[in-house]
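Peer 1: curious how this folds, go ahead:
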Amino acid sequence: MGVRWRCCRQAFEELPGIHRHVALQHAGDIGRQAGLTTDAGQQAGLPAKQAAAEASPSGCPVPVGDADGLNGRSCSTPEITCTLPDTSCVSYDDLTSKVGEVLLYYCYCEVKDPEKLCAWQKALCQHLHLTGKVRVASEGINGTVGGSKVATSLYIEVMLSQPLFKDILCQEDFKSSAGGAHCFPDLRVGVFKEIVPMGIDPKIVSYKETGIHLSPQEFHREVEQYLSQASQGQSDTVLLDCRNFYESKIGHFQGCLAPDIRKFSYFPSYVDENLELFKDKRVLMYCTGGIRCERGSAYLRSKAVCREVYQLKGGIHKYLEEFPDGFYRGKLFVFDDRYAICSNEDIISACRYCGTLWDQYKLCSSQHCRQLVLTCPSCHNKGLTACCPVCQEKELKVTSRASGQTLKEECECTRRRPRVPIERVSRRMLDAGKD
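Peer 2: Numbers count the residues shown, from 1 in each chain. I've put the predicted structure just below:
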């Protein structure tokens, strides 16, 4: 099916998609316009539904049959309901089964009472014996939780029935992978300024100013075209990985630019220091589940240097569901005790010590350090279990201390890595985007 609607520089093929977009981005405009136009329309003898349908602001298509639904959503934020699902008909064993899954989701929306939403989320997760991490802010919610399939199904059902997320969050927004409650050490639910920590005030760079969302199929075609053009030295596109270096190290799209940054909060500075790289370019952005691209693309667009900015809807997670052997090679890093999930057999990273192909992370064995290290079984058996020689030496000293007191400090890996790397841009790369 081709594109049927366009709004805010985005293309929509299905009714639910355009309905969710209008409800999220233009509900206030429609409520105000519909109120004025309905009064005028009724005075002119028009039916209320027709008058409301014609109240759609420019660029915001609203099917006539759905005018009542959109008109009913005022610019005020719906109240948060603190309902917990009935689990009386579910056995304890089924609810706490170790055979389960991990959910990944986010929802940008206006939250007037983040503390109330946070309290409800904590109670809901505890009620369903879920573990994981949930971030709540005035701009929405971002979560990854693990539990039995019964528990995660109930969680999704309750989330979709929450008035706050109505017409915004849908079933396909939840990405799932094999796992369970054991994938997280505990449950952490909290209120933050941002639901993804980019370090920029959401009021300054808003999720409402994102790039154009591409479905996995559309993104696949774009990457295919990009790789074909790049092989001939004619590409006007940058394929940008928005994740951290340790994520892209074990898996990424072919031909991508993967910034050597340790935190997403460094991404804005990376863009600032490398603006010339994006000048007059079409940028294709991707991340794990899509949330970092929401703010990242908005920040890049705010610099007004790119020809266009696109982002992969649903992230790598959704892409791999449709293209397990597509252009993404290697593992997908995840922020839980699994560290990675697999969709193909490729191994693109190597053991830190011997260079053999290896992509299974473990925490650095030095107690003062929290870096991840790739060390193969052979090197691990030789005691090479730290991320760098400094940590390896400190581990021996810490182990020999009777007190067992540990310190947390930066190791050699962190000190030697530039906080914000500056890419070397060839003249050929810059000229490729010019007509």
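
Peer 1: show me where the stretch 301-435 of the chain has its strands.
Peer 2: With strands called from DSSP state E, counting those that start in this stretch, the stretch 301-435 of the chain shows them at 308-312, 328-330, 332-333, 340-341, 361-363, 372-374.

Peer 1: again, but for the stretch 51-200 of the chain
Peer 2: 100-108, 131-137, 140-148, 175-179, 187-191.

Peer 1: which of these is buried the deepest?
Peer 2: Of all the strands of the stretch 51-200 of the chain, strand 140-148 carries the top mean neighbour count, a mean of 25, counting by mean count of other Cβ atoms under 10 Å. The way it works is simple: take the backbone N, C-alpha and C, and place the C-beta from them, glycine included.

Peer 1: mind giving me the packing neighbours of it?
Peer 2: strand 100-108, helix 114-127, strand 131-137, helix 149-161 (3 or more Cβ pairs under 8 Å, 6 or more residues apart in numbering; DSSP states H and E).

Peer 1: make a markdown table from the strands of the stretch 51-200 of the chain and add distance to residue 237 and mean pLDDT to it.
Peer 2: Compiled in a markdown table, those are given as follows (distance: least, Cβ to Cβ, whole Å; pLDDT from 0 to 100):
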| stretch | distance to residue 237 | mean pLDDT |
| --- | --- | --- |
| strand 100-108 | 26 | 98 |
| strand 131-137 | 32 | 98 |
| strand 140-148 | 28 | 98 |
| strand 175-179 | 26 | 97 |
| strand 187-191 | 38 | 98 |
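
Peer 1: okay, the strands of the stretch 301-435 of the chain, which one's buried deepest?
Peer 2: strand 308-312 (a mean of 24).

Peer 1: who's in contact with that one?
Peer 2: Contacts to strand 308-312, defined as Cβ atoms under 8 Å, 6 or more residues apart in numbering, come from residues 210-214, 216, 219, 222, 282-287, 290, 293-294, 296-297, 300-301, 318-319.

Peer 1: show the buried residues in those.
Peer 2: Buried positions within those, assessed by neighbour count (16 or more other Cβ atoms under 10 Å), are 210-214, 216, 219, 222, 282-287, 290, 293-294, 296-297, 300-301, 318-319.

Peer 1: isn't residue 135 right next to residue 121, touching?
Peer 2: No. Contact status for residue 135 versus residue 121: not in contact, 9.7 Å apart, counting by Cβ atoms under 8 Å.

Peer 1: need the overlap of contacts for these two.
Peer 2: Between them, residue 135 and residue 121 share these contacting residues under Cβ under 8 Å, 6+ apart: 141, 143.

Peer 1: so residue 286 sits against residue 317, correct?
Peer 2: No. Using Cβ under 8 Å as the test, residue 286 is too far from residue 317 to be in contact (10.3 Å).

Peer 1: any common contacting residues for those two?
Peer 2: With contacts taken as Cβ under 8 Å, 6+ apart, residue 286 and residue 317 have no neighbour in common.

Peer 1: got the contact list for residue 265?
Peer 2: Neighbouring residues of residue 265 by Cβ under 8 Å, 6+ apart: 197, 198, 199.

Peer 1: remind me which residues of this protein are low pLDDT?
Peer 2: Where the chain drops to pLDDT under 70, the residues are 1-6, 8-77, 395-410, 412, 414-415, 417, 424-435.

Peer 1: for the residue nearest the centre of it, which non-adjacent residue is spatially closest?
Peer 2: Per Cα atoms, centre = their mean, the C-alpha nearest to the average position across the chain is that of residue 291, at 2.6 Å. With Cβ to Cβ, 6 or more residues apart in numbering as the measure, residue 106 is the residue that lies nearest to residue 291, at 4.4 Å, once sequence neighbours are left out.

Peer 1: which strand residues bridge that neighbour?
Peer 2: In this structure, residue 106 has beta-bridge partners residue 142, where bridges are defined by DSSP bridges.

Peer 1: now do the same contact list for it.
Peer 2: Residue 106 sits next to 140, 141, 142, 143, 173, 195, 196, 289, 290, 291, 294 when contact means Cβ under 8 Å, 6+ apart.

Peer 1: what about residue 243, how many neighbours?
Peer 2: Residue 243 is flanked by 25 other residues according to other Cβ atoms under 10 Å.

Peer 1: list the contacts for it?
Peer 2: Contact criterion Cβ under 8 Å, 6+ apart gives 258, 264, 287, 288, 292, 333 as the residues in contact with residue 243.

Peer 1: one more pass at 7 Å, please.
Peer 2: For residue 243, the contact set (Cβ atoms under 7 Å, 6 or more residues apart in numbering) comprises 287, 288.
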